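S.K.: Take a look and give me a structure for this.
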Amino acid sequence: MLIILDRDGVINEYDGNYICSADEWIPIPGSIEAIARLSNAGHCIAIATNQSGIARGYYDIDELDAMHHKLEQLVEAQGGCIEFIAYCPHHPDEHCNCRKPRTGLLDQIRDHFHLDSLQGAMMVGDSRKDLEAGYTTGCRPVLVRTGNGLDTERHLDARPIPDAEVAIYDNLSKFTDALLSAEGW
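M.R.: The predicted structure is shown next:
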């Protein structure tokens with residue numbers, strides 16, 4: 001199964017401030033191991049992340065690449081693999097198609113894997129934007145309470161995502177435990 005993860009607040013610590021360097025990029029405890037466990041269980045892992053800090057001039061593509069290299073190395077050290085990372089470098093005022101909640105990042109992931117659709121995939125995020133992008137493209141939306149997740153959960157309503165359609169977990173590790181347990185791992 002394809003599992004698409006948001007980055008900030010799902011995989012790494014996020015307090016609302018921009019993460020501008022690999023040194024500032026700190027994984028949430030258990031998240032790296034969770035990704036590796038999902039990968040080792042046969043799931044394909046992709047990341048879809050808004051990174052407007054590039055357009056704002058807080059960091060550049062090279063620094064973003066360094067953050068993602070750090071992420072990939074940590075996952076590989078645990079025996080896992082991230083198959084693809086899609087990111088939006090645009091400012092929100094640019095109204096691009098790739099900035100979540102629009103679906104461009106998920107469309108890139110679908111195209112990368114040569115899929116007809118994302119039906120059956122899961123989108124794990126901590127914000128309404130993540131859930132909407134996933135739901136719109138046919139993914140099963142999953143909310144984690146890390147990052148912005150608690151605030152998102154408090155404001156979750158039935159539009160445009162029916163509450164019953166959103167699975168909620170404390171963090172990526174708890175989501176992984178539940179998914180792999182249901183699959184018999």
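
S.K.: Give me the helices and strands touching the lengthiest strand in the chain, please.
M.R.: Taking DSSP state E as the criterion, the chain has its longest strand at strand 44-50. Judged by 3 or more Cβ pairs under 8 Å, 6 or more residues apart in numbering; DSSP states H and E, the packing partners of strand 44-50 are strand 2-5, helix 31-40, helix 61-77, strand 84-88, helix 104-112, helix 128-136. In short, each C-beta sits where N, CA and C put it, glycine included.

S.K.: so where is this protein shaky, pLDDT-wise?
M.R.: Applying pLDDT under 70 to the chain picks out residues 158-164, 185.

S.K.: Show me what the residue nearest to L131 when sequence neighbours are not counted is bridged to.
M.R.: Leaving aside its chain neighbours, L131 sits nearest to P141 (4.2 Å; criterion: Cβ to Cβ, 6 or more residues apart in numbering). Beta-bridge pairing of P141 under DSSP bridges involves M123.

S.K.: What number of residues are in the vicinity of P141?
M.R.: Applying other Cβ atoms under 10 Å, we find 22 residues neighbouring P141.

S.K.: same check, this time on Q119
M.R.: The burial count for Q119: 10, using other Cβ under 10 Å.

S.K.: In three-state terms, how would it be classified?
M.R.: Put simply, Q119 is coil when judged by DSSP: H, G, I helix; E, B strand; the rest coil.

S.K.: What are the buried residues along stretch 42-56?
M.R.: 43-55 (16 or more other Cβ atoms under 10 Å).

S.K.: could you redo the residues you listed as TSV and give each row distance to G104?
M.R.: What follows is the buried residues of stretch 42-56, written out as TSV (distance: Cβ to Cβ, whole Å):
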residue	distance to G104
H43	23
C44	19
I45	19
A46	14
I47	14
A48	9
T49	12
N50	11
Q51	13
S52	14
G53	18
I54	15
A55	15
